[in-house]
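> sharing a model that was predicted from the sequence below.
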Amino acid sequence: MPKNFFKFLIFGFLIFLFLGYGNLADAQCSLGWWPQYCSWWETHCISTRWCEGNIACYGYSLCYYGYCSYPFTSAVDCDAYDYGDSFCEGDIARYQYYDYYCSGGSCSYTITVDSYTDCNVNNYYSCSGDWISYVDHTCSNGFCVLASETLVSNCNDRDHIACDGDWVVFYDYYCSGGSCAGPQTIYLQDCNDNDTYGPLYCEGNLVKQTFYDWYCLGNGCTFTTSDILVEDCDARDGWVDVGKAYYCCDGDLACICQDQEYRDWYCSGGSCTYIVTGTQTLKSNCQDCNLNDGCSNGYYRDYSCQNGVCALQDEYCTEECCDQYWNDSRAYCVDRDTCSAPVTNQAPSASFSCIPSNCTAYSGSPLTLRNDSTDPNGQSDIAKSAWDILYWGNTPDQLYSDDPNTPENEALQDYTIQTQILGPGTFRVDLTVEDRGDLSSSFVGEITILQPVVSEPTPTEAPAPPTWQEITPF
């Protein structure tokens, strides 16, 4: 075949190759400037590569009989080669993105995304009934996938029987959220339900009983025994009423009487019994018959107890009852059975003397003022006595009044001076007496309190007696 045939064949193939490649890439490149002449037909006129953005361009021209052929170009869009790649490195899922670009007329790439995912982070514990299972993930073809689910432990292995106080309980564990939870408490038996008492028996005078106290220990019920005091028979010892109550006398007291016996209790055959060791009579709600005693119509009525009730025993005249009946202290008893009409009331006469008789004493030594007052109508007519140390203490310093229900006249009481409180000096003392008809009389006298002298002997001569002054009745 002619030599030129092969040249045209090669030339046509190159045209197809470059034009076809450019068309497949769906990219175009500009032609730029190209030479028109060449030295001989066997040499290339020019060939070159360049970039237009991410388009890789290639230009080529053949020399044919001194002329350069029309340049052929090819264009490759480098972006068309971009791709991502997912792969595994053990349990690590890798992803890389290859980003192609044009450089020097050729397509090159750089890795712009390189991510790592540890598939183990997806592992977790789960529940399969009361089992804890482990869900394991691994890498496959660049992606995390479920590898296996393995049963790890059974929560029921923790179940056990134990004590909660005196209860036997079952602690039930279960799986929840990938771990053992609980326990749920199931109460099986209350050991206290088995508590029992033995027969009664005696220990001295004590009634006792054996108590079987059941409780929970470990994982079941057991018991201890203890002696329980049921009753102390001695605690029953005491007086007990016998028969019904009745009326009785205790002197001048009218009472309700109750016969009693003392019961001494002891233990016998597991119970308490008694013997009688003494008797007595209790008296209660007693009324003093003397409280009924008193004046009635000028006479004194005297009551006493008779057959358990208060009854009048005697009736006689007294000055108090007679005065009270006539409402006048001048009335008087002629004899035991006769109350006379009142007589004219006369004022009392106040007077006092001293012990010692000179009305002088050392401080700290006793000094008593004797009430020597009198009343023409009888001493019982004096109702009040008022003692007053003038210009000292209270007014009066001491007051005595007669109680008509007593045989003595308390209004005529003496007055003892507290010399250690009063202290040394000369003092004027006023005594005022008043009778039951409200007539009164006063008497003023002096007393002297001496300062004790320790270093000197006691004087043999007493001071002169005080001067007396009588004050007319009010």
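That came through fine.
> quick one, strands of the stretch 201-350 of the chain?
Per DSSP state E, counting those that start in this stretch, the stretch 201-350 of the chain carries strands over the ranges 206-217, 220-232, 238-241, 246-250, 253-268, 271-288, 294-296, 299-306, 309-317, 332-335, 338-340.
> out of those strands, which is closest to Gly182?
Proximity to Gly182 (Cβ to Cβ) singles out strand 206-217 among those, at 20.0 Å. In short, each C-beta sits where N, CA and C put it, glycine included.
> quick check: angle from the closest one to strand 271-288?
120 degrees (axes from the mean of the first three to the mean of the last three Cα atoms, to 10 degrees).
> ok so, going back, let's have the strands of the stretch 201-350 of the chain in CSV, adding distance to Asn122.
Formatted as CSV, these follow (distance: least, Cβ to Cβ, whole Å):
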stretch, distance to Asn122
strand 206-217, 47
strand 220-232, 47
strand 238-241, 88
strand 246-250, 105
strand 253-268, 82
strand 271-288, 81
strand 294-296, 116
strand 299-306, 112
strand 309-317, 111
strand 332-335, 131
strand 338-340, 130
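> in TSV, list these along with mean neighbour count, mean pLDDT and distance to Glu410.
Listed next are these as TSV, based on neighbours: other Cβ atoms under 10 Å; pLDDT from 0 to 100; distance: least, Cβ to Cβ, whole Å:
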stretch	mean neighbour count	mean pLDDT	distance to Glu410
strand 206-217	17	94	60
strand 220-232	13	93	55
strand 238-241	12	95	43
strand 246-250	15	94	29
strand 253-268	17	95	26
strand 271-288	13	95	22
strand 294-296	16	90	19
strand 299-306	18	93	19
strand 309-317	15	91	23
strand 332-335	14	70	21
strand 338-340	17	80	24
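> which among the ones you listed is found nearest to Gln346?
strand 332-335 (13.3 Å).
> please report phi then psi for Asn205.
As for Asn205, its main-chain torsions (degrees, to the nearest 10) stand at phi -100, psi 20.
> that one against Asp234, yeah?
Yes - using Cβ atoms under 8 Å, Asn205 is in contact with Asp234, at 5.1 Å.
> for those two, list the residues in contact with both.
Trp265, Tyr266 (Cβ atoms under 8 Å, 6 or more residues apart in numbering).
> higher neighbour count, those two?
More crowded of Asn205 and Asp234, by other Cβ atoms under 10 Å: Asn205, with 18 against 14.
> wait, what's in contact with the more buried one?
Contacts of Asn205 (Cβ under 8 Å, 6+ apart): Asp232, Cys233, Asp234, Trp265, Tyr266, Cys267.
> of these, closest to Ser363?
Nearest member of these to Ser363, counting by Cβ to Cβ, is Asp234, at 63.1 Å.
> test my guess that the closest one contacts Arg263.
No - in this structure, Asp234 is not within contact of Arg263 by Cβ under 8 Å, at 11.2 Å.
> and the residue lying closest to Ser176 once chain neighbours are set aside, which of the three is it?
Leaving aside its sequence neighbours, Ser176 sits nearest to Cys127 (Cβ to Cβ, 6 or more residues apart in numbering; 6.6 Å). At Cys127 the chain is in strand, as set by DSSP: H, G, I helix; E, B strand; the rest coil.
> so what's the residue count around Cys127?
17.
> spit out the contact partners of it.
Ser133, Cys175, Ser176, Gly177, Gly178.
> what separation do you get for it and Cys272?
Cys127 is 67 Å from Cys272, where distance means Cβ to Cβ, to the nearest Å.
> likewise Gly66?
From Gly66 to Cys272 the distance is 155 Å (Cβ to Cβ).
> quick one: Val429 and Ala386 touch, right?
No - under the criterion of Cβ under 8 Å, Val429 makes no contact with Ala386, lying 11.0 Å away.
> which residues does Lys384 contact?
Per Cβ under 8 Å, 6+ apart, neighbours of Lys384: Leu399, Tyr400, Ser401, Asp402, Ala411, Val433, Glu434.
> kindly state the domain boundaries assigned to the protein.
3-81, 234-288, 293-340, 352-471 (automatic domain parsing).
> figure out how far the second one is from the centre of its chain.
If I follow you right, that is domain 234-288. For domain 234-288, the separation from the chain centroid amounts to 47 Å (computed by Cα atoms, centre = their mean, to the nearest Å).
> and that domain, end to end?
37 Å (Cα to Cα, to the nearest Å).
> for the host helix or strand of Glu149, name the packing helices and strands.
Using DSSP states H and E, the element containing Glu149 is strand 143-154. Contacts defined by 3 or more Cβ pairs under 8 Å, 6 or more residues apart in numbering; DSSP states H and E place strand 143-154 against strand 124-128, strand 131-140.
> ignoring the adjacent residues along the chain, who's closest to the residue nearest to the spatial centre of the chain?
With distances taken as Cα atoms, centre = their mean, Gly165 lies nearest the centre of the chain, 25.3 Å away. Of all residues not flanking Gly165 in the chain, Cys216 sits nearest, at 7.0 Å (Cβ to Cβ, 6+ apart).
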